[in-house]
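Novice: Just need the structure, nothing else, for what follows:
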Amino acid sequence: MIDILHRRRAGILLHITSLPGNRDNGNFGPEAYRFVDFLNSVGVTVWQTLPLNMPHDDGSPYQCISAHAGNTALIDLDKLVDKGWLSRGERCQDCGGSPSFARECLLNHAYYGFKLHATEHEKIEFTKFCIDKKFWLDDYALFIALRKEFNNLSWNQWPERYKSRNISALKEASRRLSTEIEAIKFEQFVFFTQWQELKDYAARHGVLLFGDIPIFVSYDSADVWVHPEVFKLDEQFEMSVVAGVPPDYFSETGQRWGNPHYNWSYLKKNGFHWWLDRIKTQVEMFDIIRIDHFRGLEAAWEIPVSEPTAMNGCWVKAPGHALLKTVFDAFGPIALVAEDLGVITDKVEKLRDDFSLPGMKILQFAFSGGPSNPYLPANLDKNSVVYTGTHDNDTTLGWYRQISEQEQAYVYEYLGQPASSMPYTLIQTALASVANLAIIPMQDILELDTEHRMNIPGTTEGNWLWRFTWDQLLPLHSQRLARAIKLYGRD
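Specialist: Coordinates of the predicted model:
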């Protein structure tokens, strides 16, 4: 593992959408740069985001339309005004009041503004981008153009010639929709350009960007439409089994995610080419990458598509060792983190340890089961990433208020009866631990309760909407965090 994961560091978990701002979600605009400045000022050297891919209507960054394409909702439109591609105050008609439709309309206006007003250098950069990303961009742009033409229906409901990717039908559609396709490519050009500018700014200020790869992809995605052979589909391109997890801490009936499973025998025979392409995109975007649901690389929970819950499934083996060896052979010592939560076996731990990947330790899970609990501070090891909680947990203050008085007393007794209150007590514990990397959700820094939770696993409504405001960040929060980072040698 490369050195950036061997040094003691502190990080903050915050999705780009959770940044402050005047629009419907946070983006790559001035507030993102201000957040980097804040991180730098308190000694935080890692900013962990959730996936930045294009989500479906539920907003989940773990169910996306593409494993490569960026979420265009994160584009800062004001920067397009500054470039002269969009008029200040420009509005779109007939958008039905939907922010997403309005944004799409304005991006389309910016595309035509680009064609009229871009410099020769900017046009060359766009051309280079399209060539460099051709391995996924051409298919993605055609997929989105057809999806719009078919009223956003899932690709398996398209006319048969498009669903089955008839070559002559796709060639005809590419000609007919050429303008729309180029506009979609332009949106991705803007996304990746703005992200790279933010990444460069973060690097100059000593901040590493920590990304996230959902192990599975959405069935209704460009990936499955373009590469059905990579997934377990029948002759009609339908799923017979879907992914999820069995009953666990988060749900008594498990979680039925509904993603397609991988055809691992094909992937292994093909040298994991699809996965290498996917990793390539993430390596270019991030300094550190988390593999979400890492245990699925050893064995994944398969659920018959007819089952309404995840209770009746089975574990199916995956060639994780061969995949990770291929990844490291191709990319060298990249910084990967294993999200090793859930039902973890000795084989999963061996797969993680064979490649010296840091695992995740969640302090909210630590205070049950007695002194052998692997998440207790005394049981942590250096090569790990410790969290107070993740985006799937309640905020630490919310968690503490919902456990029993007996459990609360045990937490404080174990931690040596500290004088501080929650959530700072757990923040301090994380920062003081031996784990090389300590990550604190922004909600915990701000001392926020359950109302500010980001996600409730197993539910599909009301998630991924949380945003903070700068007036929630008090001088005390910054001062206390900066002091603890320095005190525990994480600066």
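Novice: now the strands: where do they sit in the stretch 101-250 of the chain?
Specialist: For the stretch 101-250 of the chain, the strands defined by DSSP state E, counting those that start in this stretch occupy 208-213, 241-245.
Novice: ok, and what's touching the last one?
Specialist: Counting by Cβ atoms under 8 Å, 6 or more residues apart in numbering, the neighbours of strand 241-245 from elsewhere in the structure are 216, 232, 254-261, 293, 296, 300-305, 310, 313, 342-343. Backbone N, C-alpha and C define where each C-beta goes, glycine included.
Novice: Now the strands of the stretch 101-250 of the chain in CSV, please, with extra columns for mean pLDDT.
Specialist: Formatted as CSV, those follow (pLDDT from 0 to 100):
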stretch, mean pLDDT
strand 208-213, 98
strand 241-245, 95
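Novice: Rebuild those strands as CSV, extending it with mean neighbour count and distance to Glu284.
Specialist: Shown next, in CSV, are the strands of the stretch 101-250 of the chain (neighbours: other Cβ atoms under 10 Å; distance: least, Cβ to Cβ, whole Å):
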stretch, mean neighbour count, distance to Glu284
strand 208-213, 22, 10
strand 241-245, 24, 26
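Novice: Now tabulate the ones you listed in TSV and tack on distance to Glu180.
Specialist: Converted to TSV, those look like this (distance: least, Cβ to Cβ, whole Å):
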stretch	distance to Glu180
strand 208-213	29
strand 241-245	32
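Novice: Let me know which of those is the nearest to Leu106.
Specialist: Leu106 lies closest, by Cβ to Cβ, to one member of these: strand 208-213, at 26.5 Å.
Novice: what are the pairing partners of the closest one, and which direction each?
Specialist: strand 46-48 (parallel), strand 288-291 (parallel) (DSSP bridges).
Novice: what residue ranges in the stretch 51-200 of the chain score low on pLDDT?
Specialist: Scanning the stretch 51-200 of the chain for pLDDT under 70 picks out 91, 93-98.
Novice: returning to what we had before: any of the contacts of strand 241-245 buried? List them.
Specialist: 216, 232, 254-261, 293, 296, 300-303, 310, 313, 342 (16 or more other Cβ atoms under 10 Å).
Novice: Mind checking which of those land in strands?
Specialist: Gln255, Arg256, Trp257, Gly258, Asn259, Pro260, Ala300, Trp301, Glu302, Ile303 (DSSP state E).
Novice: so who does the most centrally placed residue in the chain touch?
Specialist: Central residue of the chain (Cα atoms, centre = their mean): Pro51, 1.8 Å from the mean position. Residues in contact with Pro51 (Cβ under 8 Å, 6+ apart) are Pro61, Tyr62, Cys64, Gly211, Asp212, Ile213, Pro214.
Novice: export these to a markdown table and tack on distance to Tyr412?
Specialist: Shown next, in a markdown table, are the contacts of Pro51 (distance: Cβ to Cβ, whole Å):
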| residue | distance to Tyr412 |
| --- | --- |
| Pro61 | 35 |
| Tyr62 | 34 |
| Cys64 | 41 |
| Gly211 | 35 |
| Asp212 | 33 |
| Ile213 | 37 |
| Pro214 | 36 |
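Novice: did I read that right, the residue nearest to the centre of the chain in a strand?
Specialist: No: with DSSP: H, G, I helix; E, B strand; the rest coil as the criterion, Pro51 is located in coil rather than a strand.
Novice: when you give positions from now on, start the count at 18
Specialist: In the new numbering, first residue 18, that becomes Pro68.
Novice: Could you pull up phi and psi at it?
Specialist: With angles defined as degrees, to the nearest 10, Pro68 sits at phi -60, psi 150.
Novice: Flag every buried residue along the helix ranked longest in the chain.
Specialist: Ranked by number of residues, the top helix in the chain under DSSP state H is helix 195-221. Going by neighbour count (16+ other Cβ under 10 Å), the buried part of helix 195-221 is 197-198, 200-212, 215-216, 219.
Novice: repeat for stretch 399-414
Specialist: Using 16+ other Cβ under 10 Å as the test for burial, stretch 399-414 gives 400-414.
Novice: just stretch 426-444 next, same as before
Specialist: Val428, Tyr429, Leu432, Met439, Pro440, Tyr441, Thr442, Leu443, Ile444.
Novice: gap between the fourth one and Gly406?
Specialist: Using Cβ to Cβ, to the nearest Å, one obtains 11 Å as the distance from Met439 to Gly406.
Novice: what touches both of the two?
Specialist: Taking Cβ under 8 Å, 6+ apart as the criterion, Met439 and Gly406 both touch Thr413.
Novice: can you put the ones in strands among the buried ones among the contacts of strand 258-262 in a markdown table and add distance to Asn169 and pLDDT?
Specialist: Below are these laid out as a markdown table (distance: Cβ to Cβ, whole Å; pLDDT from 0 to 100):
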| residue | distance to Asn169 | pLDDT |
| --- | --- | --- |
| Gln272 | 25 | 89 |
| Arg273 | 23 | 93 |
| Trp274 | 21 | 92 |
| Gly275 | 18 | 93 |
| Asn276 | 19 | 96 |
| Pro277 | 19 | 97 |
| Ala317 | 29 | 95 |
| Trp318 | 29 | 96 |
| Glu319 | 28 | 97 |
| Ile320 | 26 | 97 |
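Novice: Mind putting these into a markdown table with distance to Ser450?
Specialist: Shown next, in a markdown table, are these (distance: Cβ to Cβ, whole Å):
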| residue | distance to Ser450 |
| --- | --- |
| Gln272 | 29 |
| Arg273 | 34 |
| Trp274 | 31 |
| Gly275 | 36 |
| Asn276 | 33 |
| Pro277 | 38 |
| Ala317 | 30 |
| Trp318 | 30 |
| Glu319 | 36 |
| Ile320 | 36 |
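Novice: Which two among the residues you listed are spaced furthest apart?
Specialist: Pairwise distances across those peak at 15.6 Å for Gln272 and Pro277 (criterion: Cβ to Cβ).
Novice: tell me which residues of stretch 36-54 are tucked away?
Specialist: Leu36, Pro37, Gly38, Asn42, Gly43, Asn44, Phe45, Gly46, Glu48, Ala49, Phe52, Val53.
Novice: ok, back up a step: could you identify the most distant pair in the buried residues of stretch 426-444?
Specialist: Tyr429 and Ile444 (14.6 Å).
Novice: what about Gly337, how many neighbours?
Specialist: Neighbourhood size, Gly337 [other Cβ atoms under 10 Å]: 24.
Novice: ok, for it, nearest residue in space, not its chain neighbours?
Specialist: Leaving out its chain neighbours, the residue that sits closest to Gly337 by Cβ to Cβ, 6 or more residues apart in numbering is Leu314, at 3.2 Å.
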